[in-house]
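# Sequence and predicted structure, then a few things I'm wondering about:
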Amino acid sequence: MLVVGLTGGIASGKSTVSSLLKSQNIPLIDLDILARQAVAPNSYALSALVSHFGDDILHPSGELNREKLGSIIFGNEKERRVLNSIVHPAVRRLLAWELVKCWFRGEKVAVVDAPLLIEAGLWKMCGAIVVVYCSETLQLQRLQTRNSLSVADARARLSSQAPLSSKLVYADYVIDNSGPKGDLDAQVVQVVTKLHAKAGWSWLVSWLLPPVGLLRGVLRVGWRLWVQGVGKERRTKHGTRGEKKGEEIELKERRSRNGSGRL
């Protein structure tokens, strides 16, 4: 089974791409949902959080008060690391179980939808990575329109995340969400076709013989990390892979605006 990581940024269109992948009958594991399950009432992770941060992070119902916890870790890197050290392992365990269930069903491809796929290091578990990208200018415009934010507030939200361009060095496939939805639909179909081709026929052998599947998974991860150098600054003539791809997309966007008479 080919495990595919899907990531993007705020207002990049990742949620739309997720919906389009589901419409293509691709199983999708949403890490936002798993993160909520990881800290459900009576869970080990929630108990550990309460032990460290105190009962104030709970609602009277016993559920996690995310706003209160957020106010504690905001601007406090030490406390943020504590939070991540508790929650991330719990999410990884849930993710592993979801992947096992996909494997039991005989899925050829499974997509892990994770906004923080790169930041949490989960990209290392993936055999391919898809990044949904648009320029920062377009990202800012969409965020302002969608959330009715001022320019300053929208910029503040963008600055709280790693720039999309920094994720491109990890990408095997980039979905350019700078144009109309019809273009996005076509790109998703194209990427799905490529993912099925990448999985090939050998996924069936891996499914029938689990030790073979486990070995192939380890070898694939090792190849991507140490031979292909995924995530490293692989330089081209004009800069890194990520920089070049971002520049290409922004250049195409500017040409499109100029061609339609927009400035």
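Arrived safely, thanks for sending.

# going forward, measure contacts and count neighbours with C-alpha atoms only.
Fine.

# residue ranges with poor pLDDT in the stretch 151-263 of the chain?
231-263 (pLDDT under 70).

# how does it look with 50?
Residues of the stretch 151-263 of the chain meeting the criterion pLDDT under 50: 235-241, 243, 261-263.

# Which is the succeeding secondary structure element to the lengthiest helix in the chain?
In the chain, with assignment by DSSP state H, the single longest helix is helix 77-104. Proceeding N to C from helix 77-104, the next assigned helix or strand is strand 109-113, under DSSP states H and E.

# avg pLDDT for that next one?
The pLDDT scores in strand 109-113 average 96.

# Identify the neighbouring strands of the next helix-or-strand element following it in the sheet and state each direction.
Counting by DSSP H and E, the next helix or strand C-terminal to strand 109-113 is strand 128-133. Sheet partners assigned to strand 128-133 using DSSP bridges are listed as strand 2-7 (parallel), strand 173-176 (parallel).

# got the angle between strand 128-133 and strand 109-113?
40 degrees (axes from the mean of the first three to the mean of the last three CA atoms, to 10 degrees).

# From here on, call the first residue 49.
Yes, from this point I'll number from 49; that puts the last item at strand 176-181.

# Pull the residues that contact strand 176-181.
50-57, 60-62, 65, 171, 212-213, 215-216, 218-226 (CA atoms under 8 Å, 6 or more residues apart in numbering).

# got it, and stretch 85-105?
106, 110-114, 116-117, 131, 134-135, 138-139, 142.

# Mind doing that once more with 10 Å?
79-80, 82, 106, 109-121, 127, 130-131, 133-142 (CA atoms under 10 Å, 6 or more residues apart in numbering).

# Could you pick out the buried ones from those residues?
79, 82, 106, 112, 117, 121, 127, 131, 134-136, 138-140, 142 (16 or more other CA atoms under 10 Å).

# Which one of these is nearest to residue 73?
residue 79 (18.4 Å; CA to CA).

# what's the spacing between the nearest residue to the closest one once chain neighbours are set aside and residue 77?
In this structure, residue 79 finds its nearest non-sequential neighbour in residue 162, 5.3 Å apart by CA to CA, 6 or more residues apart in numbering. Noted for residue 162: a distance of 9 Å to residue 77, by CA to CA, to the nearest Å.

# shared neighbours of these two, anything?
Common neighbours of residue 162 and residue 77 (CA under 10 Å, 6+ apart) are 53-54.

# list the contacts for residue 199?
Taking CA under 10 Å, 6+ apart, one finds 188-189, 191-192 in contact with residue 199.

# repeat for residue 155
Contacts for residue 155 (CA under 10 Å, 6+ apart) come out as 49-51, 74-75, 147, 149, 251-252, 255.

# re the thing from before, could you give the average pLDDT over the longest helix of the chain?
92.

# quick one, it and strand 157-161 angle?
Using the same axes, to 10 degrees: helix 125-152 against strand 157-161 is 160 degrees.

# Helices of the protein, start to end?
62-71, 79-86, 92-101, 114-121, 125-152, 184-195, 199-207, 229-247, 250-256, 258-270, 289-307.

# Now render those as a markdown table, adding distance to residue 177.
Shown next, in a markdown table, are those (distance: least, CA to CA, whole Å):
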| stretch | distance to residue 177 |
| --- | --- |
| helix 62-71 | 13 |
| helix 79-86 | 15 |
| helix 92-101 | 28 |
| helix 114-121 | 29 |
| helix 125-152 | 16 |
| helix 184-195 | 20 |
| helix 199-207 | 22 |
| helix 229-247 | 10 |
| helix 250-256 | 18 |
| helix 258-270 | 12 |
| helix 289-307 | 13 |
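
# right, and those helices - which one's nearest residue 158?
Comparing those under CA to CA, the one sitting nearest is helix 125-152, at 7.0 Å.

# Against which helices or strands is that closest one packed?
strand 50-55, strand 76-78, helix 79-86, helix 92-101, helix 114-121, strand 157-161, helix 250-256 (3 or more CA pairs under 10 Å, 6 or more residues apart in numbering; DSSP states H and E).

# Report the inter-axis angle for that helix versus helix 258-270.
140 degrees.
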